[in-house]
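1. Sequence below, structure please.
(one chain, ligands or ions: 1)
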Amino acid sequence: MDFEYSPQVQERRQRLQEFVDRYVLPYNGAWHHSVAQGVFPPPFMEDLKALARSEGLWNLFLPGLREDEPGERLTNLEYAPLAEIMGRLPWASEVFNCSAPDTGNMELLHLFATPEQNQRWLRPLLEGEIRSAFAMSEPDVASSDPTNLQTRMRREGGALVLSGRKWFVTGAAHPNCKLLIVMCRSGDDETARHARHSMLLVPTDAPGVTLERNIAIMQHHTPEGHCEIVFREVRVPAGNLLGQEGAGFAMAQARLGPGRVHHCMRTIGQCELALSLMCERTLERHLFGKYLADFANVQEWIAESRLEIDQARLLVLRAAWRLDQGQLERARADVAAIKVVTARLQTRVVNRAMQVFGAMGLSPDTPLAYFWTWGRALQLLDGPDEVHLRSVARAELAQAREKRGATAAYFTLPEQLRAAPRIR
Ligand SMILES: Cc1cc2nc3c(=O)[nH]c(=O)nc-3n(C[C@H](O)[C@H](O)[C@H](O)COP(=O)(O)OP(=O)(O)OC[C@H]3O[C@@H](n4cnc5c(N)ncnc54)[C@H](O)[C@@H]3O)c2cc1C
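-> Modelled structure (predicted):
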């Protein structure tokens, strides 16, 4: 087992970090200023995208890219440390065409789109010409259990007609968002619960699609949005069905593995940044005759943060490796675990950093308040922690069932003690 990144990954990490330092970070202030002025995406975004592409830093996430598709064909394990670098600056992923939820959506289209769907949607997504969103959750039902989803699709002549309401659709307010992948109910009550849902490709400008609001996450509005969307008798051609009718669940599973690795590594990047900010602050803030760094409790916060970040990173990298190895069953439990571990990590590490910064830590003057909010959101988005913990427990119990009785020899019951084998 080699814990070093390969020389190629190290080289790419260095190249990406240099690109971020040289071209992206200097625009951070301008990005926030532009968004505050209501200009989104900022005018320099397209130039940065073109530059990143020309430097070979484009579509870094999709291992199975075909020869005629633009991108770098990195494995999940190779891409993960790059996602960590991008995560430190939440708007940076767009520069490299590596933003959520597009990465997951491109993955999905890559696996299941017809040649026509490919041409219409996947190609412009890979080129960075459009953005997309994934619409699953609904206000009227507990969406942790997607078998509840009610948004309906019915066939009418050669068309598919969609009606329902979705919410928290990330990315739908981005002006370039042209595609919604909508999880909808297509089967009746007689159909098996996990075969009742399908995925439909819906253009954002289809008649009947209304973006009702961009929902704030704990008072924080993002310009790309977490949106509530109503579909009123939206008609699309039958060719807009993605994959097989009734295969929505199976396809959703395929989408979530690598996407979670990306989320988790971006989170780890934010936690590393929070830890660096915390350390630097403790070295300069002076009170009660010493620096904050000299207080034992602060040193403990720093050490705990380092331990927790490194533990989390190792687990995420193992999940990425298992996905690459095609160990899908084992990867599934890992992917559930990392989602819980990194969301907790983010709120814990960032909370310590906010405390070290005092009141400033809660203001928008540092990125900490945003990071904490995102960590809190992570405990829900892509399914709440409880659902993932249940998956981990199920995998553990399945193993225990298989090996049932294997622990018996570790018991020392009174009758075993009486029947102890003689040594000589
Ligand atoms: C920032 C953000 C972005 C999001 N982006 C998207 C998006 O792009 N697309 C999209 O479709 N959705 C998105 N969501 C929605 C998210 O996926 C749902 O909120 C999530 O799946 C939970 O569904 P729910 O809100 O209906 O909660 P419910 O299903 O009503 O669950 C409520 C609570 O029940 C408990 N619970 C649920 N299941 C179990 C269980 N098995 N065991 C024990 N307790 C349980 C949990 O505590 C859970 O929080 C986003 C959410 C946020 C906050």
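
2. Where does residue 155 sit, in terms of helix or strand?
-> Residue 155 is located in strand 152-156, with elements delineated by DSSP states H and E.

3. quick one: average confidence on the next helix or strand along the chain from that strand?
-> Proceeding C-terminally, strand 152-156 gives way to strand 159-170 as the next helix or strand, assigned by DSSP H and E. Per-residue pLDDT values across strand 159-170 average out to 98.

4. what does stretch 37-55 give?
-> Model confidence over stretch 37-55 averages 97 on the pLDDT scale.

5. when you give positions from now on, start the count at 27
-> OK, 27 is where the count begins now, so the last one is stretch 63-81.

6. What residues sit buried inside it?
-> 66, 67, 68, 71, 74, 75, 78, 79 (16 or more other C-beta atoms under 10 Å). C-betas here are computed from N, CA, C, even on glycine.

7. Dihedrals phi and psi, the third one?
-> The one in question is residue 68. Phi and psi for residue 68, reported as degrees, to the nearest 10, are phi -60, psi 150.

8. what pLDDT does the closest residue to it other than its chain neighbours get?
-> If the residues on either side of it in the chain are set aside, residue 68 comes closest to residue 60, at 3.7 Å by C-beta to C-beta, 6 or more residues apart in numbering. On the pLDDT scale, residue 60 is placed at 98.

9. give me every residue that touches residue 60.
-> Residues touching residue 60, when contacts are defined by C-beta atoms under 8 Å, 6 or more residues apart in numbering, comprise 66, 68, 69.

10. Please identify the helix or strand for it.
-> For residue 60, the enclosing helix or strand under DSSP H and E is helix 54-62.

11. how about the helices in the stretch 227-376 of the chain?
-> Residue ranges of the helices in the stretch 227-376 of the chain, as given by DSSP state H, counting those that start in this stretch, are 274-310, 322-351, 354-383.

12. for the ones you listed, which one sits closest to residue 252?
-> Comparing the helices of the stretch 227-376 of the chain by their distance to residue 252 (C-beta to C-beta), the top pick is helix 274-310, with 14.6 Å.

13. quick one: residue 328 from residue 110, how far?
-> According to C-beta to C-beta, to the nearest Å, residue 328 and residue 110 sit 19 Å apart.

14. between those two, which one's more packed in?
-> Between residue 328 and residue 110, counting by other C-beta atoms under 10 Å, residue 110 is the more crowded of the two (24 against 19).

15. per-residue confidence at the more buried one?
-> Looking at residue 110, its pLDDT reads 98.

16. Spatially, which residue comes closest to it, not counting chain neighbours?
-> Looking at residue 110 with C-beta to C-beta, 6+ apart, the closest residue is residue 295, at 4.0 Å.

17. I figured that neighbour hits residue 106, correct?
-> No: when contacts are counted by C-beta atoms under 8 Å, residue 295 is not listed as touching residue 106 (10.4 Å).

18. quick one: contacts for residue 210?
-> For residue 210, the contacting residues are 175, 177, 178, 179, 188, 190, 223, 224, 225, 226, 274, taking C-beta under 8 Å, 6+ apart as the criterion.

19. what are the phi and psi angles of residue 432?
-> Backbone torsions of residue 432, given as degrees, to the nearest 10, read phi -70, psi -20.

20. Per-residue pLDDT of it, please?
-> Confidence per residue is given as pLDDT, and for residue 432 that number is 88.

21. who's more crowded, residue 295 and residue 106?
-> Higher neighbour count among residue 295 and residue 106: residue 106, with 27 against 23, using other C-beta under 10 Å.

22. Just the CA coordinates for the helix or strand where the more buried one lies, please, in PDB.
-> Secondary structure here is read from DSSP H and E; on that basis residue 106 sits in helix 102-113. The C-alpha trace of helix 102-113 is given here as PDB (Å, rounded to 0.1, in the frame of the first residue of the first chain):
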ATOM      1  CA  ASN A 102     -11.500   8.900  -9.300                       C
ATOM      2  CA  LEU A 103      -8.400   8.400  -7.100                       C
ATOM      3  CA  GLU A 104      -6.400  10.800  -9.400                       C
ATOM      4  CA  TYR A 105      -9.100  13.400  -9.500                       C
ATOM      5  CA  ALA A 106      -9.900  13.400  -5.700                       C
ATOM      6  CA  PRO A 107      -6.900  15.400  -4.600                       C
ATOM      7  CA  LEU A 108      -7.600  18.000  -7.400                       C
ATOM      8  CA  ALA A 109     -11.200  18.400  -6.100                       C
ATOM      9  CA  GLU A 110      -9.600  19.100  -2.700                       C
ATOM     10  CA  ILE A 111      -7.700  22.000  -4.200                       C
ATOM     11  CA  MET A 112     -10.800  23.400  -6.000                       C
ATOM     12  CA  GLY A 113     -12.900  23.100  -2.900                       C
END
